[in-house]
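**Q** Need the 3D shape of this:
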Amino acid sequence: MNGASGGGEGGEVGEPRRALGRFLRARRGRVAPEHVGIAGGRRRRVRGLRREELAQLAGISVDYYVRLEQGRATQPSPEVLDALAGALGLDTAERRHLATLASGRRDPAPEARVSPLLRRLLDSLDGFPAFVTDHRLDVVACNPPGAELIGGLDEPGRRDRNQARYLFLDPAARNVFLDWRDRAAEAVGQLRVAAGRYPDDAELAALIGELSARSEEFRQIWDTGEVVMCAAGRKRLRHPVRGVLTLDYETLHVPAGPGEQGLVVHVFSPGT
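**A** Numbers count the residues shown, from 1 in each chain. Predicted coordinates:
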């Protein structure tokens with residue numbers, strides 16, 4: 001997955017302009033001055049770059065940058081966004097998130113519609129663990145191997161069907177996901193992408209607020225401004241019968257409708 005501040009009040013959900021400022025502040029705080037040719041020194045009182053330093057690196061006025069952080073400047077040009085992204089060292093996922101926040105779009109949250117064809121596809125992947133999540137990280141469908149692999153989803157009451165709640169609030173998740181910290185950061189990064197795209201989603205806001213209130217680790221990761229888009233890679237999980245497994249995974253995106261992010265199908269296979 002590709003590797004992005006918000007606070008415990010729900011972060012990006014609800015107000016894109018304020019979210020843009022929070023994201024810029026978090027990313028600005030991540031940049032080490034010496035890595036961009038600025039002397040750090042022991043007297044610096046801010047973590048990362050100062051506002052005026054970032055503005056200079058991006059070639060924009062300090063006043064305009066301050067207005068961006070404060071949510072008083074709207075819809076910056078693609079050239080300004082590109083300059084800021086370059087100065088902040090943003091990756092592809094973070095650049096997309098920056099553009100989404102800057103656009104001020106308020107897309108309605110897509111419905112988790114699992115079609116009969118998608119269910120047949122899951123059933124046909126009998127030898128490959130697979131499950132489907134929506135933008136809130138609710139597991140909305142899975143095949144039996146997938147349910148077994150990620151903590152017994154086919155057993156009522158055994159675990160929460162929301163991946164983020166399971167990771168942060170259920171101690172059993174740390175036994176299943178051996179690279180727990182990486183998986184936790186991915187979950188937070190995916191929720192941030194969803195929050196930026198669907199700022200009016202009350203259920204998503206409630207989930208982020210709940211996790212912020214109940215998990216110090218969630219708050220810490222959220223405040224870094226982590227951004228993640230599902231892609232492909234390798235994970236280590238503990239299977240209830242076969243023990244520790246190293247599995248390759250691929251994610252397939254199923255649109256909910258024209259232009260909507262929709263569902264994500266996660267498919268696992270033995271690592272090569």
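
**Q** okay, CA-based contacts and neighbour counts for the rest of this
**A** Fine.

**Q** Which parts of the stretch 51-200 of the chain are strands?
**A** With DSSP state E, counting those that start in this stretch, the ranges of strands along the stretch 51-200 of the chain come out as 130-133, 139-142.

**Q** Ok, which of those comes nearest Ile221?
**A** Comparing those against Ile221 with Cα to Cα, the closest turns out to be strand 130-133 (21.0 Å).

**Q** list the helices and strands that closest one packs on?
**A** Judged by 3 or more Cα pairs under 8 Å, 6 or more residues apart in numbering; DSSP states H and E, strand 130-133 is in contact with strand 139-142, helix 144-149, strand 263-270.

**Q** now those in TSV, with mean pLDDT?
**A** Rendered in TSV, the data for those read as follows (pLDDT from 0 to 100):
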stretch	mean pLDDT
strand 139-142	95
helix 144-149	94
strand 263-270	94
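
**Q** Save those as JSON lines, and put in distance to Phe177 and mean neighbour count too.
**A** Converted to JSON lines, those look like this (distance: least, Cα to Cα, whole Å; neighbours: other Cα atoms under 10 Å):
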{"stretch": "strand 139-142", "distance to Phe177": "16", "mean neighbour count": "20"}
{"stretch": "helix 144-149", "distance to Phe177": "10", "mean neighbour count": "20"}
{"stretch": "strand 263-270", "distance to Phe177": "14", "mean neighbour count": "20"}
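
**Q** List just the one of the ones you listed that sits closest to Ser215.
**A** Closest approach to Ser215 among the helices and strands packed on strand 130-133 (Cα to Cα): strand 139-142, 20.6 Å.

**Q** rewinding a little: go through the helices and strands packed on strand 130-133 and name the closest to Ser77.
**A** Across the helices and strands packed on strand 130-133, closest to Ser77 is strand 263-270 (Cα to Cα), at 30.4 Å.
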